[in-house]
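Student: Build me a model:
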Amino acid sequence: MDVYDNFHNAPLDEPPLEDGDDSIPITDRPPELPQPPFQTTGKAATLVVPFRPCEPGDEGDKVYALKRAHARFRGGGRLARLMAKPKSVRRTWSQYTGPGSFTRDFRETRRLLGLPLTPTFYDEAAWRKLAPWFDSLAISLITPKLNTMIQRQLAWHMALYNRRMAIAYSQVRPSQLGRPESITHADCSGSIAAGCNWAGILPKVDWRWTNTDVQIIFGQPVANLASAKLGDVVFYGRGDNPSHEALYLGGGRVWSFGSYPIKLLDVGYRHDRIAIRRFVP
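Tutor: Predicted structure coming up:
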């Protein structure tokens with residue numbers, strides 16, 4: 001399993017080349033594309049989870065995120081007990097919700113993961129082992145400190161990217177909204193809608209029924225790619241008719257769900273970019 005600290009460390013995917021894929025310009029698009037079966041054979045899992053080392057005495061959001069991932073890994077009611085406690089307890093290593101101390105429980109976790117005990121309890125070795133148990137809430141706590149809505153939006157897309165081999169591509173409406181852990185199918189505009197909805201972006205909009213034609217009028221126009229920021233939405237198509245959209249990650253990269261599975265691509269992989277919109281002021 002390959003684990004990366006951020007989207008920019010993760011390798012880019014090859015652009016899809018099949019006709020009938022809305023990640024490339026096509027005509028006469030069918031109303032719904034075939035959904036490929038969930039296949040993992042021969043494909044190594046690739047996860048993106050920010051790494052924040054932790055050890056006894058630390059506090060803050062990185063401890064809260066680690067405690068949440070640890071609780072999901074160990075089970076036994078740990079997550080419910082954690083979330084029932086005040087945030088001050090969740091954010092402090094020395095305060096714990098289980099039997100004994102968090103230090104003792106995490107020492108056992110390292111043993112279960114087959115790792116030796118080190119002064120930095122949550123080190124890179126533990127990060128690679130625990131990465132699958134970081135959900136969108138935990139990831140949102142350790143993403144770069146940006147605008148809160150952009151931070152949550154990025155975490156939503158990161159968590160869905162980590163599940164991409166289990167998410168079917170489908171243009172069916174209404175779009176599924178909610179936590180990325182609950183999404184079973186989506187398309188480009190549906191994934192943007194669900195991420196924005198979870199992050200509280202444009203809260204008065206009913207995101208369920210939106211698509212590229214609707215979303216291209218949301219927010220404010222961005223003059224050019226040089227002015228684009230993380231969280232902007234890039235639209236591709238012809239004239240003023242968008243056929244695909246992707247989330248801009250900065251550094252010339254986009255998060256794209258135009259085909260199965262979700263991909264990380266260069267923003268210029270399509271040459272028909274028609275607009276960039278900023279939904280968050």
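
Student: quick one: secondary structure of Ser243?
Tutor: At Ser243, secondary structure determined by DSSP: H, G, I helix; E, B strand; the rest coil is strand.

Student: Could you list the low-pLDDT ranges of the stretch 1-150 of the chain?
Tutor: Applying pLDDT under 70 to the stretch 1-150 of the chain flags residues 16-44.

Student: residues making contact with stretch 97-108?
Tutor: 56, 67, 70, 74, 78, 81-82, 84-85, 89, 93-96, 117, 121-122 (C-beta atoms under 8 Å, 6 or more residues apart in numbering). The C-beta positions use only the backbone N, C-alpha and C, and glycine is treated the same way.

Student: Give the buried residues for that stretch.
Tutor: Within stretch 97-108, the residues scored as buried using 16 or more other C-beta atoms under 10 Å are 97-98, 102, 105-106.

Student: got the contact list for Ala275?
Tutor: Ala275 sits next to 216, 221, 234-235, 242 when contact means C-beta under 8 Å, 6+ apart.

Student: Kindly reformat those as TSV containing secondary structure.
Tutor: Converted to TSV, the contacts of Ala275 look like this (three-state DSSP):
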residue	secondary structure
Ile216	coil
Pro221	strand
Val234	strand
Phe235	strand
Pro242	strand
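
Student: Report how many residues lie close to Asn9.
Tutor: By other C-beta atoms under 10 Å, the residues close to Asn9 number 11.

Student: For it, which non-adjacent residue is spatially closest?
Tutor: Val48 (7.9 Å; C-beta to C-beta, 6 or more residues apart in numbering).

Student: Please verify my assumption that the one you found contacts His8.
Tutor: No - between Val48 and His8 no contact is recorded; they are 9.6 Å apart, counting by C-beta atoms under 8 Å.

Student: Between those two, point out the one with more neighbours.
Tutor: Ranked by neighbour count (other C-beta under 10 Å), Val48 and His8 place Val48 first, with 22 against 14.

Student: For the more buried one, give me phi and psi.
Tutor: Per-residue torsions, Val48: phi -120, psi 110 (degrees, to the nearest 10).

Student: Check Tyr4 too.
Tutor: Dihedral angles for Tyr4 - degrees, to the nearest 10 - are phi -120, psi 150.

Student: and if you look at Ile150?
Tutor: In terms of degrees, to the nearest 10, the main-chain angles of Ile150 are phi -70, psi -40.

Student: Using the three-state scheme, assign the spatially closest residue to it that is not a sequence neighbour.
Tutor: In space, and not counting its chain neighbours, Ile150 is closest to Gly231: 4.0 Å by C-beta to C-beta, 6+ apart. Following three-state DSSP, Gly231 is assigned to coil.

Student: Contacts only, for Gly231.
Tutor: Gly231 makes contacts with 146-147, 149-150, 153-154, 247-248, 278-280, as judged by C-beta under 8 Å, 6+ apart.

Student: The most centrally placed residue in the chain: what's it in contact with?
Tutor: The structure's the chain has its C-alpha centroid closest to Met158; by C-alpha atoms, centre = their mean the separation is 1.6 Å. By C-beta under 8 Å, 6+ apart, the contact set of Met158 is 7, 48-49, 136, 139, 143.

Student: So Lys263 is in contact with Asp13, correct?
Tutor: Yes - look at Lys263 against Asp13 with C-beta under 8 Å: they come within range, at 3.9 Å.

Student: Those two: which has the busier surroundings?
Tutor: Taking neighbours as other C-beta under 10 Å, Lys263 and Asp13 compare with Lys263 leading, 21 against 17.

Student: For the stretch 51-200 of the chain, which segments are assigned as strands?
Tutor: Shown for the stretch 51-200 of the chain, the strands assigned by DSSP state E, counting those that start in this stretch span residues 168-169, 185-186.

Student: How far off centre is the last one?
Tutor: The reference is to strand 185-186. Its chain's average C-alpha position is 14 Å from that of strand 185-186, according to C-alpha atoms, centre = their mean, to the nearest Å.

Student: That strand - contacts with which helices or strands?
Tutor: Applying 3 or more C-beta pairs under 8 Å, 6 or more residues apart in numbering; DSSP states H and E, we find strand 185-186 packed against strand 168-169.

Student: Could you pick out the buried ones from the contacts of Ala275?
Tutor: Neighbour-count burial (16+ other C-beta under 10 Å) is assigned, among those, to 216, 234-235, 242.

Student: And these, which is closest to Trp255?
Tutor: Ranked by distance to Trp255 (C-beta to C-beta), the buried ones among the contacts of Ala275 are led by Val234 at 9.9 Å.
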